[in-house]
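Student: What follows is a predicted structure for the sequence shown.
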Amino acid sequence: MPASTANLDIDGATPSVEIIVGNAHFARFEFFLYDATGANPRLIGGGRNDDNIPDVVEITNPPLSGLDRTTIFWRAVVTSQTGTPDEKYAVTVRVLQGDKIAGTDFKSDLLTTLPPKGFIRLQVR
């Protein structure tokens, strides 16, 4: 699975990762951060999109200078409110830095397929 890329400014704000689940679906999600060698995954956040907690996680460890070549892995389990046959999910994951969208990953498919997941590689310049 190819990774999307997020370009971060070394002098910019603390980055964050956000999930947006479309089509009025519910989802549980998790974000992991892999080090620059592609190993040592660490859970950096997660939750549900049907609560009152924003679906955004700040990436504060390591600091911005240590994020170059690291990779965010995200996964979600999406469910329907209606259970209508052939429903599709739509999930967008964004890496944000201040008011800038530094990178995105989008997945859409039938709810009956494997749960969505993806990678976003971070580049700090």
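Tutor: All right, it came through fine. The structure presented is a predicted model; accordingly, all values stated were derived computationally and were not measured.
Student: The most centrally placed residue in the chain bridge partners, please.
Tutor: Central residue of the chain (CA atoms, centre = their mean): Val93, 4.0 Å from the mean position. Beta bridges link Val93 to Ile19, Asp105, judged by DSSP bridges.
Student: For it, which residues are in contact?
Tutor: Val17, Glu18, Ile19, Ile20, Ile72, Trp74, Thr104, Asp105, Phe106, Gly118, Ile120 (CB atoms under 8 Å, 6 or more residues apart in numbering). To be clear about C-beta, it is placed using only N, CA and C from the backbone, and glycine gets the same treatment.
Student: per-residue confidence for it?
Tutor: Each residue has a pLDDT score; the one for Val93 is 98.
Student: quick one: which of the contacts of Val93 is nearest to Asn40?
Tutor: Ile72 (13.5 Å; CB to CB).
Student: Out of the contacts of Val93, the closest to Asp55 would be?
Tutor: Ranked by distance to Asp55 (CB to CB), those are led by Ile19 at 4.9 Å.
Student: any idea how far Ser80 is from the closest one?
Tutor: 17 Å (CB to CB, to the nearest Å).
Student: okay, the two: which has more neighbours?
Tutor: Ile19 (23 against 14; other CB atoms under 10 Å).
Student: from what I can see that one touches His25, true?
Tutor: No - between Ile19 and His25 there is no contact under CB atoms under 8 Å: 11.6 Å.
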